[in-house]
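Undergrad: 3D, please:
(2 chains)
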Amino acid sequence: MSAGAAEPLLAVRGIAAYYGAIQALSGIDLEVREGEIVTLIGANGAGKSTLLMTICGNPRGRGGRIVFDGRDITALPTHAIARLGIAHVPEGRRIFPHMTVMENLQIGAVCAAEQDFEGDLDYVFALFPILDERRHQRGGTLSGGEQQMLAIGRALMSRPRLLLLDEPSLGLAPLVVRHIFEVIAEINAERDMTVFLVEQNAYRALGLADRAYVMANGEIRMEGTGEELLADADIRAAYLEGGHG
Amino acid sequence: MEYFLQQLINGLTLGAVYGLIAIGYTMVYGIIGMINFAHGEIYMIGSFIALICFTILGLTGVASVPLAILVVLVVTVLFTAAYGWAVERLAYRPLRGSFRLAPLISAIGMAIFLQNYVQLLQGARVKAMAPMVTGGFVVTEKAGFQVTLSYMQITIMALTVVLMAGFSLVISRTALGRAQRACEQDQKMAALSGIDVDRTVSLTFLLGAGLAAVAGVMTTLHYGVIDFYIGFLVGLKAFTAAVLGGIGSLPGAMLGGILIGLVEAFWAAYFAAEYKDVAAFSILVLVLIFRPTGLMGRPEVEKV
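TA: Predicted structure coming up:
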């Protein structure tokens, strides 16, 4: 946040997105600065996952601009956006089920700008030692938590500048969730990784994030620091009480 | 027994040709979920390009047979692969994201177009080529019945084994193979990982057409008779082979090709040669009824 006037790493300006004729996002404005953890919270169906996918060019953003690292990426194809350094850990993890853990990680390294495959692999295995043990096992045979670790590991193998995480805690045991959030904090602190996190576990996400956006019905409704939103009465009523983390 | 052995050899040779073509069907199905009904015509075009190349080489008077075959193989594979690439680019890619039947209909249209294209350019008559590779081993002989394994048959089988082994290695060990499998399993995620899906699909068509081209060269050399219509029946049988092996499975396509070749050869030998096609296609029907995933296919994984 001290970056002040510096260009944000990711800037979304007035973006809308459609699935066929149905409008899923409208007038989205947000930014993520270098080194930040920014979280996006909101109810199911608010458009959080769509927003992350729109940043990656699928569906394509319309009516505005998405700028990453000073470059307009609004019209780029998905794979080209990935190659610029945006790694996406999507909803449902999307592990390649018939590939081994190792092969999944190799796919992750496809768009690593500088190649230090062994070094990156050691780093991922240090974060998630279980993946090392399972390296020859097929992705589809892993447990949910292990798949989430693999999905994050796969994303890290590409040496991203920006890590997009879509509900990494979904369907996981509390202990695993804690581990995942510790790792997110760790890569942010140690590698200065910029993270944009979508979470239904709003309490936990706001506690981790520097800043947060609140989404509803395809629009950004509110923004502020994690603490501000945690203290906000409306937010508490809508997202924190009842569904506590 | 001798008769059986001879038919085994003939069946394996035929099966090798089917297997090479079946790989193209199975790979394309795996990656974009469509049956490329123009693939048989790509094989037909391969055999015509081979014939043209042999004719040109014959005019220039290249004396060494192995050299001539090698040159023709390389040229045919290159040109045929270009056809395969162009078919995908022109007839299928613009329809991606359209309704499911659209590329299938386009494929049938492409098949008819390619048949007529060759018919117009090369004429409708059957083309024949004198065998270039003659001779072989006599495996056994009994009561005047010789079991022979010709040099040409050895060439076909050896080449097929080498190609399939090489191909399996490419798919299982190289970055290209991994990208290919990633696109097969989850195209959206592959793109998110930085894989250019369109390029990978193009390469798949190039590779499939290249293998069909080899089958075309072998057909021209071994059977020596081709026309603009051969792609239809051979294509359908290779497709049957791919379904039998389990569509989407590479080893399945190879196995299926060999099995269909054997069924055809033995049926023709012991039952009625006129009905050998019926035998092959009955297998298609039976597989679809009783084991739709084929011998080595995996059941659809439910996507969450």
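
Undergrad: B:Val225 contacts B:Arg125, correct?
TA: No: taking contacts as CB atoms under 8 Å, B:Val225 lies outside contact range of B:Arg125: 10.8 Å. C-beta here means a position set from N, CA and C on the backbone, and glycine is covered the same way.

Undergrad: More neighbours: the two, which one.
TA: B:Val225 (12 against 9; other CB atoms under 10 Å in any protein chain shown).

Undergrad: and the more buried one, what pLDDT?
TA: Here, the pLDDT recorded for B:Val225 equals 93.

Undergrad: count of neighbours near residue 61?
TA: Chain wasn't specified; assuming chain A. 26.

Undergrad: Correction: the question concerned chain B.
TA: B:Gly61: 6 neighbours (other CB under 10 Å).

Undergrad: Of all residues in chain A, which one is closest to chain B?
TA: A:Cys111 (3.0 Å; CB to the nearest CB).

Undergrad: Kindly report the residues of chain A close to chain B.
TA: When proximity is defined by CB under 8 Å from any CB of the partner chain, chain A lies next to chain B at A:56, A:58, A:77-79, A:82-83, A:87-88, A:90, A:92, A:94, A:96-99, A:103, A:106-108, A:110-111, A:140, A:154, A:158.

Undergrad: in the helix or strand of chain A with the lowest mean pLDDT, what counts as buried?
TA: Ranking every helix and strand in chain A by mean pLDDT, DSSP states H and E puts helix A:233-235 at the bottom, with a mean of 77. Of all the residues in helix A:233-235, those buried under the rule 16 or more other CB atoms under 10 Å in any protein chain shown are A:Ile235.

Undergrad: And for stretch A:212-221?
TA: A:212-215, A:218-220.

Undergrad: State the pair within those residues that is farthest apart.
TA: Based on CB to CB, the longest span within the buried residues of stretch A:212-221 runs between A:Ala212 and A:Gly218 and measures 17.6 Å.

Undergrad: starting at the chain centroid, how far to the helix or strand harbouring B:Phe113?
TA: Using DSSP states H and E, the element containing B:Phe113 is helix B:101-122. Averaging C-alpha positions (CA atoms, centre = their mean, to the nearest Å) puts helix B:101-122 17 Å from its chain's average.

Undergrad: same question, stretch A:127-137
TA: The answer for stretch A:127-137 is 22 Å, by CA atoms, centre = their mean.

Undergrad: For stretch B:28-37, which residues meet the burial criterion?
TA: B:28-32, B:34-37.

Undergrad: What is the nearest of the residues you listed to chain A?
TA: After measuring these against chain A - CB to the nearest CB - the closest member comes out as B:Gly30, at 10.8 Å.

Undergrad: my guess is the closest one meets B:Gly252, correct?
TA: No: with contacts counted by CB under 8 Å, B:Gly30 stays clear of B:Gly252, the gap being 10.5 Å.

Undergrad: Pull the number of nearby residues for residue 69.
TA: Looking at chain A here, since you left the chain open. The burial count for A:Asp69: 16, using other CB under 10 Å.

Undergrad: ah, I was thinking of chain B
TA: Other residues lying near B:Ile69 total 22 when counted by other CB under 10 Å.

Undergrad: Three-state assignment for it, please.
TA: helix (DSSP: H, G, I helix; E, B strand; the rest coil).

Undergrad: what's the pLDDT at it?
TA: pLDDT, B:Ile69: 92.

Undergrad: B:Val138 now?
TA: Confidence score, pLDDT, at B:Val138: 86.

Undergrad: give me every residue that touches it.
TA: B:146-148 (CB atoms under 8 Å, 6 or more residues apart in numbering or on different chains).

Undergrad: What about the residues of chain A next to chain B, which are in strands?
TA: A:87-88 (DSSP state E).

Undergrad: so who does A:Arg211 touch?
TA: A:1, A:36, A:38-39, A:223-226.

Undergrad: For my notes, confirm B:Leu255 occurs in a strand.
TA: No: according to three-state DSSP, B:Leu255 belongs to no strand; its state is helix.

Undergrad: Leaving out the residues flanking it, which one is nearest to it?
TA: The shortest distance from B:Leu255 to any non-neighbouring residue, by CB to CB, 6 or more residues apart in numbering or on different chains, is to B:Gly245 (4.9 Å).

Undergrad: what about the one you found, how many neighbours?
TA: 30.

Undergrad: Same question for the one 10 residues further on.
TA: Other residues near B:Leu255 come to 21 when the count uses other CB under 10 Å.

Undergrad: my guess is it meets B:Leu262, correct?
TA: No: at 10.7 Å, B:Leu255 does not count as touching B:Leu262 under the criterion of CB under 8 Å.

Undergrad: which parts of stretch A:71-84 are buried?
TA: A:73-74, A:76-79, A:81-84.

Undergrad: Alpha carbons of that stretch, as CSV, please.
TA: C-alpha atoms of stretch A:71-84 as CSV (Å, rounded to 0.1, in the frame of the first residue of the first chain):
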residue,chain,number,x,y,z
ARG,A,71,0.3,-4.0,-20.6
ASP,A,72,-3.3,-4.2,-21.9
ILE,A,73,-4.2,-7.9,-21.8
THR,A,74,-7.9,-7.5,-22.4
ALA,A,75,-7.7,-9.0,-25.9
LEU,A,76,-5.0,-11.6,-25.3
PRO,A,77,-5.8,-15.3,-25.5
THR,A,78,-5.7,-17.2,-22.2
HIS,A,79,-2.4,-19.0,-22.7
ALA,A,80,-0.7,-15.7,-23.6
ILE,A,81,-2.0,-14.1,-20.4
ALA,A,82,-0.6,-17.1,-18.4
ARG,A,83,2.7,-16.6,-20.1
LEU,A,84,2.9,-13.0,-19.0
